[in-house]
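K.L.:
below are the sequence and a predicted model; questions follow.
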Amino acid sequence: PGVAQTGSPLAPPDRSSPRDWVASFLAEADRFTKLYTDYKADRSSANNSAIVDQLDVLRDFFDLGAFPPAFQDKVGGEAATELIDILNRLPQDAIRSGPTDPVGKELPPDIWTIPGTEIVLARKTDGLNAGTYVVPHETITQLPDFHARMIEAPLLRATPFPNLREEQTQATGPLIPRSMVDALPETLTRSLLGTPVWKQIVAACLFFIVLWLNVWWSKIVRRAIHRLPEAMAGLFRLSGPFVLSISFALFYLFIETQLNEQGVVALATLLVRNLSLIAAGAWAVWTLTMIFTEMLIGSEHVPEEVLDAHLTRLIGKIVGIAGATAAVIFGLSTIGIPAAGLITSLGVGGVGVALAARVTIENLFGGLVLLIDRPFRVGDWIEIGTGSGRVKDIGGRSCRIETAEGAQIVIPNSVLSAEPITILGRSTDH
């Protein structure tokens, strides 16, 4: 069933038929135009917020579900102003008539094309607003082309903004004085890839400032952790992903609310923000896992004979890698890279890597067996084959043995786990 317009301020726009969709969209477009006129007269934060809220209402007239979640707001906002410009240039009686039967009764079909255009309205068959009409994904992707072809046509509907899409492109937030923008040369106000050149220059400068900030902070962290207690050093390491996420979130907030990028440039900025947040999330998961692992190893409540530090660190790294990978897969799904495809690719790629790195994997599993079975520990004096020495390190791929003469021997874990080993002395004996 359609959503009826009851006159209540809380009632959503009526999109129950093509005729109602057109009437409701034009009414909401007029409200948006009025709010934008008010904002140009008084560039206050309140007026700017009102425009943003009204743009949310206009987005509901479009089916944005097929677009990546991170891009839906931007795509919907641009589609709304493009469609307003187009409808302002079409015969109003024709677009408001809607489909009818021979006696003039409205006959809502599943799909209706606005007369004189290729713009389609489709009835939703499922979901929260099933039965209402929306502009489908295919038409949304064609709107920029339709707009370019229609924008020079004469206006057939009164509006203070003959090219609302261009107004949207040139608009800025309350913190950027309009007089400063008006004083810029034409070469800087000209749009390139949907955004004025001057906005792209400002955004690029801000990006490099944020990038430099993160590099600078990472250097501070690396120097500081060597002088701090282990617990404090772990928390300080966690500040790295925190600074990365906060700095890029604030960077995008300024771009979105003040520069108001549009087109391809806006989508690229969104992609940068999301990739930085994905990286920060994966980094935070890895860091937290390592902090917890070291806390567990150093805990006085866990007996040493129950917990092997090398095995615990290895398990911690495996858990950290798995958690970071999950964070990356989830984050990439928000920018249109499906999790199922990623998991399948990782599975197929994993088989290829396993075949190409068989020896390395054998060593890794050999190291895991040594850590779990614990036939010897770091510091033990062992004999393997014709040589003997003290165990200096048990790594993921190999072990280091120091002979009585002080020579360092590196033995692959796959060899150690397969050869007989004689324990000549425990670490407490030497």
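P.N.:
Received, thanks. Note that the structure is predicted; figures quoted are calculated from it, not measured.
K.L.:
residues in contact with stretch 157-171?
P.N.:
26, 33, 36-37, 77-78, 81-82, 84-85, 87-89, 92, 147, 151, 155, 181, 189, 191, 194-196, 260, 262-263 (C-beta atoms under 8 Å, 6 or more residues apart in numbering). Every C-beta, even on glycine, is put in place using the N, C-alpha and C of the backbone.
K.L.:
in helices, which of those appear?
P.N.:
Taking DSSP state H as the definition of helices, the contacts of stretch 157-171 contribute 26, 33, 36-37, 77-78, 81-82, 84-85, 87, 92, 147, 181, 189, 263.
K.L.:
who's in contact with His147?
P.N.:
Glu82, Asp85, Ile86, Arg165.
K.L.:
how close does the third one sit to Leu26?
P.N.:
As for Ile86, its distance to Leu26 is 12 Å (criterion: C-beta to C-beta, to the nearest Å).
K.L.:
same question for Pro91.
P.N.:
Distance of Pro91 to Leu26, computed by C-beta to C-beta: 13 Å.
K.L.:
Ile86 and Leu26: who's more crowded?
P.N.:
Just comparing Ile86 and Leu26: by other C-beta atoms under 10 Å the higher neighbour count belongs to Ile86, 21 against 17.
K.L.:
I figured that one hits Pro144, correct?
P.N.:
No. When contacts are counted by C-beta atoms under 8 Å, Ile86 is not listed as touching Pro144 (10.8 Å).
K.L.:
ok so, going back, the ones in helices among the contacts of stretch 157-171: which two are farthest apart?
P.N.:
Greatest spacing in the ones in helices among the contacts of stretch 157-171, by C-beta to C-beta: Gln92 and Val181 (33.8 Å).
K.L.:
in a helix, Gly331, correct?
P.N.:
Yes. Using DSSP: H, G, I helix; E, B strand; the rest coil, the secondary structure at Gly331 is a helix.
K.L.:
could you pull up the residues touching the nearest residue to it once chain neighbours are set aside?
P.N.:
Of all residues not flanking Gly331 in the chain, Ile278 sits nearest, at 3.3 Å (C-beta to C-beta, 6 or more residues apart in numbering). Taking C-beta under 8 Å, 6+ apart, we find Ile278 in contact with Ala327, Val328, Gly331, Leu332.
K.L.:
now, among these, which is nearest to Gly387?
P.N.:
When the contacts of Ile278 are ranked by distance to Gly387 (C-beta to C-beta), Val328 comes first, at 43.7 Å.
K.L.:
run the chain-centre distance for the helix or strand hosting the closest one.
P.N.:
According to DSSP states H and E, Val328 maps onto helix 309-333. Centre-to-centre, helix 309-333 and its host chain are 19 Å apart (C-alpha atoms, centre = their mean, to the nearest Å).
K.L.:
give the buried residues for it.
P.N.:
By 16 or more other C-beta atoms under 10 Å, the buried positions in helix 309-333 come out as 309-316, 319-320, 323-325, 327-329, 331-333.
K.L.:
and for stretch 38-58?
P.N.:
Applying 16+ other C-beta under 10 Å to stretch 38-58 flags Tyr39, Arg43, Asn47, Asn48, Ala50, Ile51, Gln54, Leu55, Val57, Leu58 as buried.
K.L.:
for stretch 184-199, output the C-alpha coordinates as CSV.
P.N.:
Only the C-alpha atoms of stretch 184-199 are listed here, as CSV (Å, rounded to 0.1, in the frame of the first residue of the first chain):
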residue,chain,number,x,y,z
LEU,A,184,38.5,34.2,-7.0
PRO,A,185,39.5,34.3,-10.7
GLU,A,186,37.3,32.4,-13.1
THR,A,187,40.0,29.7,-13.7
LEU,A,188,39.7,28.7,-10.0
THR,A,189,35.9,28.7,-9.8
ARG,A,190,35.5,26.6,-13.0
SER,A,191,34.3,23.0,-12.3
LEU,A,192,36.6,20.1,-13.0
LEU,A,193,35.3,16.5,-12.4
GLY,A,194,32.2,18.0,-10.8
THR,A,195,34.0,20.3,-8.2
PRO,A,196,35.5,23.8,-8.6
VAL,A,197,39.2,23.9,-8.9
TRP,A,198,39.8,26.0,-5.8
LYS,A,199,37.9,23.5,-3.7
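K.L.:
and for it, what's in contact with it?
P.N.:
Contacts of stretch 184-199 with the rest of the structure, by C-beta under 8 Å, 6+ apart, involve 78, 166, 169-170, 181, 200-201, 259-266.
K.L.:
so which of these is the closest to Val135?
P.N.:
Val135 lies nearest to Glu78 out of the contacts of stretch 184-199, by C-beta to C-beta, at 12.5 Å.
K.L.:
now that closest one, nearest residue through space, not along the chain?
P.N.:
Spatially, and ignoring its direct neighbours in sequence, Glu78 is nearest to Gln262 (6.1 Å; C-beta to C-beta, 6+ apart).
K.L.:
cool, Gly194 as well?
P.N.:
Counting by C-beta to C-beta, 6+ apart, Gly263 is the residue found nearest to Gly194 once chain neighbours are left out, at 1.4 Å.
K.L.:
for Tyr252, same thing?
P.N.:
Tyr252 sits nearest to Arg273 (C-beta to C-beta, 6+ apart), 4.1 Å away.
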